[in-house]
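Peer 1: my questions concern the predicted model and sequence given below.
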Amino acid sequence: MLSYERATVEGRHRHLKGSKGNTSKFVVTLLFFSENKQNESSSSSVYVHNPHLAEMKDDVLYHLSLATGTHDLPAMFGDVKFVCTGGSAWRMKKCTAYIAAELGMEDPKSDYPNICAGTDRYAMYKVGPVLCVSHGMGVPSIAIMLHELIKLLHHARCTDVTIIRIGTSGGIGLEPGTIVVTKQSLDGMFQPRFEQVILGKTVVRNVDLDQGLAEELLKCSKELNQFETVIGNTMCTLDFYEGQARLDGAFCSYTEKDKQDFLHKAKEAGVCNIEMESSVFAAMCNLSGLRGAVVCVTLLDRLKGDQLSCPHDVLQGYQLRPQILVGHYIKQQLKATALKV
Ligand SMILES: O=P(O)(O)O[C@H]1O[C@H](CO)[C@@H](O)[C@H]1O
Ligand SMILES: O=c1cc[nH]c(=O)[nH]1
């Protein structure tokens with residue numbers, strides 16, 4: 001079922017410890033698995049694409065503090081159908097409690113234990129078929145979490161899993177508190193791509209997200225009628241300050257006009273908000289066959305400022321909006337599935 005693409009990389013090794021300028025040629029043949037599996041197969045398993053995994057006796061999911069040798073992953077996670085992920089552990093715990101209440105699954109005796117308590121890298125909570133996992137800040141942090149989460153779902157033999165990033169962002173020309181459901185993730189040069197260096201070669205990955213899921217989420221927001229929601233492009237950057245054209249970082253070498261010109265260009269490219277994980281999130285959804293969406297609230301309008309200076313309780317209230325929307329969506333989906341059974 002898997003299709004491989006072959007690529008040959010040629011380069012020169014520089015011998016750091018050898019005599020000056022001493023290099024030797026290397027040629028590496030890479031096997032890439034076909035990148036876009038999302039709509040290709042009728043099967044809805046979570047795919048890992050790594051022939052080495054089958055040869056491993058145990059798989060240690062180090063940053064989640066879980067392992068196939070020590071945990072019965074199918075028993076613990078086999079029923080998972082939805083994963084909510086966001087930067088902060090606090091938000092993920094709040095999300096778990098909110099979704100438990102929405103689904104009528106609250107346990108007054110339970111404080112929702114952190115399944116990843118053996119590590120402080122990420123936090124993970126579970127209520128019924130919903131898993132909530134924190135991912136930290138930025139592309140490297142979410143990518144590590146997603147590698148291990150995708151393997152976890154694979155080892156647990158999960159099927160039909162939908163994953164939604166519920167995050168915060170800076171808006172462009174939107175009222176703070178607006179939710180943006182990502183249509184397309186763009187990089188800092190307004191290109192729809194995620195670039196990763198693998199074995200010294202840049203690999204460009206597809207960042208398309210499930211448009212049907214985005215539309216379903218927009219419909220849910222209209223039904224809820226509690227806050228403004230739009231579908232638009234999301235710019236994913238590698239930094240919060242200079243990477244997002246802020247003037248208030250420790251370093252800045254451009255003017256207010258340069259910043260405004262850049263943000264207006266972003267707006268012309270359809271960018272509604274800026275955050276720091278959507279590109280690799282979309283790329284890894286594509287690779288794994290997970291149905292994915294990015295739902296971020298805007299905390300401020302970047303055309304009007306850079307600092308997050310509005311009161312703490314207002315910001316916390318905004319952060320809850322994506323989970324209200326996603327909670328409603330999950331409840332509807334579970335109801336529809338129960339009706340079908
Ligand atoms: O609210 P979360 O999910 O952390 O996401 C956004 O907030 C962080 C920056 O404050 C970045 O990680 C950005 O993507
Ligand atoms: O401006 C913002 C706000 C939240 N998260 C970001 O990445 N940028």
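Peer 2: Ah, there it is. Ligands and ions are numbered 1, 2, ... in the order given.

Peer 1: which ones are touching residue 68?
Peer 2: By C-beta atoms under 8 Å, 6 or more residues apart in numbering, the contact set of residue 68 is 58-60, 155. In short, each C-beta sits where N, CA and C put it, glycine included.

Peer 1: which one is it nearest to, not counting chain neighbours?
Peer 2: Closest residue to residue 68 apart from its sequence neighbours, by C-beta to C-beta, 6 or more residues apart in numbering: residue 59 at 4.6 Å.

Peer 1: what about that neighbour, how many residues close to it?
Peer 2: Using other C-beta atoms under 10 Å, residue 59 has 18 neighbouring residues.

Peer 1: same check on residue 333?
Peer 2: The number of residues packed near residue 333 is 17, by other C-beta under 10 Å.

Peer 1: what helix or strand is it on?
Peer 2: Per DSSP states H and E: residue 333 is located in helix 312-340.

Peer 1: in ChimeraX, how would I select just the buried ones from the contacts of residue 68?
Peer 2: Applying 16 or more other C-beta atoms under 10 Å to the contacts of residue 68, the buried members can be selected in ChimeraX as follows:
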select :59,155
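
Peer 1: out of the contacts of residue 68, which are inside strands?
Peer 2: Among these, the members found in strands (DSSP state E) are residue 60.

Peer 1: around ligand 1, pick out the residues from the stretch 1-150 of the chain.
Peer 2: With C-beta under 6 Å from any ligand atom as the criterion, the stretch 1-150 of the chain meets ligand 1 at residues 86-88, 137-138.

Peer 1: who wins for most neighbours among these?
Peer 2: residue 86 (28 neighbours).

Peer 1: in terms of contact, does that one touch residue 92 like I think?
Peer 2: Yes: at 6.0 Å, residue 86 counts as touching residue 92 under the criterion of C-beta atoms under 8 Å.

Peer 1: between the two, what contacts are shared?
Peer 2: residue 134.

Peer 1: in the stretch 101-250 of the chain, which spans are helices?
Peer 2: Secondary structure of the stretch 101-250 of the chain, counting by DSSP state H, counting those that start in this stretch: helices at 139-155, 211-224.

Peer 1: pick the most deeply packed of these.
Peer 2: helix 139-155 (a mean of 22; mean count of other C-beta atoms under 10 Å).

Peer 1: contacts for that helix next, please.
Peer 2: By C-beta under 8 Å, 6+ apart, helix 139-155 touches 45-48, 53, 59, 61-64, 66, 68, 73-74, 77, 80, 83, 85, 121-122, 133-136, 161, 236, 238, 276-277, 279-281, 284, 288, 290.

Peer 1: which ones are touching the nearest residue to residue 226 once chain neighbours are set aside?
Peer 2: Excluding the flanking residues, the one nearest residue 226 by C-beta to C-beta, 6+ apart is residue 324, at 6.6 Å. Applying C-beta under 8 Å, 6+ apart, one finds that residue 324 lies in contact with 98, 224, 226.

Peer 1: pLDDT value on residue 1, please?
Peer 2: The score at residue 1 is 34. That number is its pLDDT.

Peer 1: ok, the residue of the stretch 1-150 of the chain found nearest ligand 1 to residue 251 distance?
Peer 2: Going by C-beta to the nearest ligand atom, ligand 1 is nearest to residue 87 of the stretch 1-150 of the chain, at 2.0 Å. Using C-beta to C-beta, to the nearest Å, residue 87 is found at 23 Å from residue 251.

Peer 1: quick check on the contacts of helix 139-155: which are buried?
Peer 2: The neighbour-count test (16+ other C-beta under 10 Å) applied to those identifies 45-48, 59, 61, 63-64, 66, 68, 73, 77, 80, 83, 85, 121-122, 133-136, 161, 236, 276-277, 279-281, 284, 288, 290 as buried.

Peer 1: quick one, what contacts the residue lying closest to residue 126 once chain neighbours are set aside?
Peer 2: Residue nearest to residue 126 in three dimensions, not counting chain neighbours: residue 115, with 6.3 Å by C-beta to C-beta, 6+ apart. Taking C-beta under 8 Å, 6+ apart as the criterion, residue 115 is in contact with 64, 66, 76, 124-126.

Peer 1: can you check residue 273 too?
Peer 2: 169-172, 174, 180, 232, 234-235, 296, 298.

Peer 1: in a markdown table: these, plus pLDDT, neighbour count and distance to residue 259.
Peer 2: Below are the contacts of residue 273 laid out as a markdown table (pLDDT from 0 to 100; neighbours: other C-beta atoms under 10 Å; distance: C-beta to C-beta, whole Å):
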| residue | pLDDT | neighbour count | distance to residue 259 |
| --- | --- | --- | --- |
| 169 | 98 | 30 | 17 |
| 170 | 98 | 26 | 12 |
| 171 | 98 | 26 | 15 |
| 172 | 98 | 22 | 12 |
| 174 | 98 | 22 | 17 |
| 180 | 99 | 28 | 20 |
| 232 | 98 | 19 | 20 |
| 234 | 98 | 28 | 19 |
| 235 | 98 | 29 | 14 |
| 296 | 98 | 28 | 21 |
| 298 | 98 | 27 | 17 |
